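Asks: Okay, structure incoming, though there's no sequence with it:
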């Protein structure tokens with residue numbers, strides 16, 4: 001007979017055994033169901049994420065867009081990776097990868113012992129499959145539950161994908177420091193190597209050493225620790241018989257020299273896609289245009305691995321950025337607020353945007369003042385809405401005499417600046433000196449409907465609330481963007497032919513297939529004669545009229561100034577809300593807008609439209625350097 005003490009011990013042992021068995025069954029069921037649910041409900045694993053590249057007019061890279069995960073990536077298949085690179089990662093991260101079912105029993109056991117000894121869960125032991133599970137589906141919390149979930153997902157990944165697929169996904173998803181994801185993006189970032197098969201042994205070992213600590217083992221942030229870690233990887237590769245002792249020693253001794261791209265081209269600034277101020281507005285506009293052309297979201301575009309070729313000119317963009325950085329062109333700055341500005345340069349022969357600034361200090365995702373219909377254009381609109389339609393009507397010529405006196409049109413009574421009236425003035429002179437009364441009279445003569453239809457042919461849509469004579473002076477209810485105004489003036493510059501303003505020439509997908517190619521328009525929307533007459537009159541505006549400050553030393557400029565007044569209580573007489581200049585040379589058409597984002601009694605423009613003309617000239621001069 002068993003003693004009561006022995007019976008009690010047996011019962012306790014049985015109870016514990018039952019509890020352990022139940023827990024093991026629960027764990028088994030959980031491991032085989034949680035991962036299945038997670039992987040089945042998400043399709044992110046096999047996405048071939050690569051950063052989309054934007055090129056300038058010469059085919060040179062402007063930027064690689066950050067993916068939706070806020071990093072740079074470029075996908076590479078396992079076939080495009082050298083065997084040595086694959087073996088280096090296996091030797092370092094998981095040398096039993098091809099022999100285990102998703103987790104390494106020995107590694108996990110060793111890690112569990114260490115974790116229990118130290119009462120934390122910082123020890124690794126994660127296989128490549130577990131690391132992939134963590135990178136794709138889990139956060140970085142180091143808890144027992146996270147470890148169990150990681151194991152469950154790893155088991156499911158092994159069921160769903162082949163070993164080669166898992167390894168390929170891992171080598172493309174792994175974080176490699178400096179906002180680089182995957183070995184291909186890292187190779188380009190740290191070594192300037194685009195073809196992975198061109199990597200040298202020391203570079204391969206450096207890459208393979210990074211996953212353990214991307215922020216401390218990448219060679220840009222810590223060259224010394226990176227080299228030490230490289231030696232550890234080379235030692236593991238030698239131990240596995242992948243390399244000889246001599247290869248190990250030679251690769252360990254190489255000193256790292258960062259490529260130029262690691263120091264400048266791919267800045268790690270998180271908000272700007274690696275750009276300085278120059279291209280930020282333009283890149284935002286390229287993404288918006290690509291979304292309209294393809295129906296894709298911004299996140300999809302960033303991660304699509306596309307190559308988008310644009311017409312952006314480094315020469316023009318640099319000139320614009322440098323000029324906008326000089327405070328001398330912005331005399332209306334206040335101590336508490338900077339006056340804002342935007343500018344667009346178009347090639348009027350084909351509609352390509354050559355340069356763009358959406359603000360003086362643009363940041364990614366900020367308001368692009370070059371694109372939004374927010375500000376009234378003032379007299380810069382007169383050529384589009386009054387003078388050119390008048391010439392086209394056949395009733396007027398540049399020499400036609402127009403009345404210049406105070407006139408009333410129902411409840412509307414326009415006035416000239418300074419209250420001065422000349423009695424009569426030629427059409428050309430009225431435009432040259434930007435006299436208000438003749439412009440309104442002209443619009444009344446040709447009719448609002450005719451003028452609206454004319455503006456529409458030049459790409460400017462007017463709304464029902466705009467259908468009154470004040471539009472002769474730029475009184476557009478919603479406003480007009482600098483981009484649309486440049487597109488309209490480009491018709492005068494291009495002998496009457498219309499081309500829609502655009503940034504993108506071509507988009508190719510990750511496999512090099514053309515998914516969009518720009519087709520030339522060159523649509524004749526007004527006669528060549530009308531365009532030439534307008535150009536001649538607009539040249540007189542710059543040479544003898546209100547646009548004198550836009551003159552260039554060895555090139556004729558055609559253009560028009562524009563001003564909108566700030567009718568504010570407590571603001572002095574002559575305070576302005578917006579100043580504009582729209583003009584063109586033989587090569588390019590440009591439009592400048594200057595003003596405060598919010599105009600009030602403390603923030604208004606003291607300067608007139610001559611300042612906008614001067615800014616235009618300063619940019620154009622720099623493009624010739």
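Replies: The structure has been received and is ready for your questions. Worth saying up front: this structure is predicted, and the values here are computed from it rather than measured. Numbers count the residues shown, from 1 in each chain.

Asks: residue ranges of the strands in the stretch 501-625 of the chain, please?
Replies: In the stretch 501-625 of the chain, the segments counted as strands under DSSP state E, counting those that start in this stretch are 504-508, 514-517, 523-524, 558-565, 576-584, 589-595.

Asks: give me the number of residues near residue 449?
Replies: Burial measure for residue 449: 9 neighbouring residues, criterion other Cβ atoms under 10 Å. For every residue, glycine as well, the C-beta is placed using N, CA and C.

Asks: for it, helix, strand, or coil?
Replies: helix (DSSP: H, G, I helix; E, B strand; the rest coil).

Asks: got a list of what it touches?
Replies: If you count contacts by Cβ atoms under 8 Å, 6 or more residues apart in numbering, residue 449 has none.

Asks: As TSV, the strands of the stretch 501-625 of the chain with distance to residue 79, mean pLDDT and mean neighbour count would be great.
Replies: Converted to TSV, those look like this (distance: least, Cβ to Cβ, whole Å; pLDDT from 0 to 100; neighbours: other Cβ atoms under 10 Å):
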stretch	distance to residue 79	mean pLDDT	mean neighbour count
strand 504-508	21	98	19
strand 514-517	24	96	12
strand 523-524	48	96	13
strand 558-565	57	96	27
strand 576-584	52	97	27
strand 589-595	49	97	30
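
Asks: Let's have those in CSV, adding distance to residue 381.
Replies: CSV is the format used below for the strands of the stretch 501-625 of the chain (distance: least, Cβ to Cβ, whole Å):
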stretch, distance to residue 381
strand 504-508, 28
strand 514-517, 33
strand 523-524, 22
strand 558-565, 7
strand 576-584, 9
strand 589-595, 11
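
Asks: Which of those strands sits closest to residue 375?
Replies: Of all these, the one in closest proximity to residue 375, counting by Cβ to Cβ, is strand 576-584 (4.9 Å).

Asks: what helices or strands is the closest one leaning on?
Replies: With contacts taken as 3 or more Cβ pairs under 8 Å, 6 or more residues apart in numbering; DSSP states H and E, strand 576-584 sits against helix 482-493, strand 558-565, strand 589-595, helix 610-623.

Asks: List just the one of the ones you listed that sits closest to residue 59.
Replies: Per Cβ to Cβ, nearest to residue 59 of those: helix 610-623, 19.9 Å.

Asks: quick one: buried residues of that closest one?
Replies: 610-620, 622-623 (16 or more other Cβ atoms under 10 Å).

Asks: Please apply the same query to stretch 525-534.
Replies: 525-526, 530-531, 533-534.

Asks: Domain map for this structure?
Replies: 70-265, 313-377+479-500+521-625, 379-476 (automatic domain parsing).

Asks: Same list (these) but as CSV, adding distance to residue 304.
Replies: Shown next, in CSV, are those (distance: least, Cβ to Cβ, whole Å):
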stretch, distance to residue 304
domain 70-265, 11
domain 313-377+479-500+521-625, 18
domain 379-476, 29
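
Asks: tell me the most buried of those domains?
Replies: domain 313-377+479-500+521-625 (a mean of 20; mean count of other Cβ atoms under 10 Å).

Asks: where do the strands sit along the stretch 101-250 of the chain?
Replies: Going by DSSP E, counting those that start in this stretch, the stretch 101-250 of the chain shows strands at 180-181.

Asks: tell me the helices in it, going along the chain?
Replies: Taking DSSP state H, counting those that start in this stretch as the criterion, the stretch 101-250 of the chain carries its helices at 105-118, 128-137, 144-160, 163-173, 183-191, 201-208, 214-217, 223-239, 245-253.

Asks: Select, out of those, the one closest to residue 88.
Replies: Closest among these, using Cβ to Cβ: helix 201-208, at 3.9 Å.

Asks: Averaged pLDDT, the closest one. What do you get?
Replies: Mean pLDDT, computed over helix 201-208, is 98.

Asks: and if you look at stretch 349-366?
Replies: 91.

Asks: Endpoint to endpoint, it covers what distance?
Replies: 30 Å (Cα to Cα, to the nearest Å).

Asks: right, and residue 532 touches residue 493 too?
Replies: No - Residue 532 is beyond contact range of residue 493, at 10.5 Å (criterion: Cβ atoms under 8 Å).

Asks: Of the helices of the stretch 101-250 of the chain, which is nearest residue 84?
Replies: helix 201-208 (5.6 Å).

Asks: that older thread, for residue 357, state which of the buried residues of stretch 525-534 is nearest.
Replies: Out of the buried residues of stretch 525-534, the member with the shortest distance to residue 357 (by Cβ to Cβ) is residue 534, at 26.6 Å.

Asks: got a list of what the closest one touches?
Replies: Counted by Cβ under 8 Å, 6+ apart, residue 534 has contacts 383, 387-388, 391, 492, 558.

Asks: Over to residue 472?
Replies: Per Cβ under 8 Å, 6+ apart, neighbours of residue 472: 381-382, 385-386, 414, 436, 439-440, 442-443.

Asks: Redo those residues as JSON lines? Include distance to residue 74 and secondary structure.
Replies: Below are the contacts of residue 472 laid out as JSON lines (distance: Cβ to Cβ, whole Å; DSSP: H, G, I helix; E, B strand; the rest coil):
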{"residue": "381", "distance to residue 74": "46", "secondary structure": "helix"}
{"residue": "382", "distance to residue 74": "51", "secondary structure": "helix"}
{"residue": "385", "distance to residue 74": "49", "secondary structure": "helix"}
{"residue": "386", "distance to residue 74": "53", "secondary structure": "helix"}
{"residue": "414", "distance to residue 74": "59", "secondary structure": "coil"}
{"residue": "436", "distance to residue 74": "57", "secondary structure": "helix"}
{"residue": "439", "distance to residue 74": "55", "secondary structure": "helix"}
{"residue": "440", "distance to residue 74": "58", "secondary structure": "helix"}
{"residue": "442", "distance to residue 74": "58", "secondary structure": "helix"}
{"residue": "443", "distance to residue 74": "56", "secondary structure": "helix"}
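
Asks: Nearest to residue 580 among these?
Replies: residue 381 (8.8 Å).

Asks: so who does the closest residue to residue 565 other than its chain neighbours touch?
Replies: Among residues not flanking residue 565 along the chain, residue 576 sits closest, at 5.8 Å (Cβ to Cβ, 6 or more residues apart in numbering). By Cβ under 8 Å, 6+ apart, the residues touching residue 576 are 563-566, 595, 604-608.

Asks: any idea how far residue 476 is from residue 576?
Replies: Going from residue 576 to residue 476 by Cβ to Cβ, to the nearest Å gives 17 Å.

Asks: what's the answer for residue 291, then?
Replies: 26 Å.

Asks: now do residue 372
Replies: Residue 372 is 13 Å from residue 476, where distance means Cβ to Cβ.

Asks: now do residue 614
Replies: From residue 614 to residue 476 the distance is 25 Å (Cβ to Cβ).

Asks: now do residue 250
Replies: Counting by Cβ to Cβ, the gap from residue 250 to residue 476 is 71 Å.
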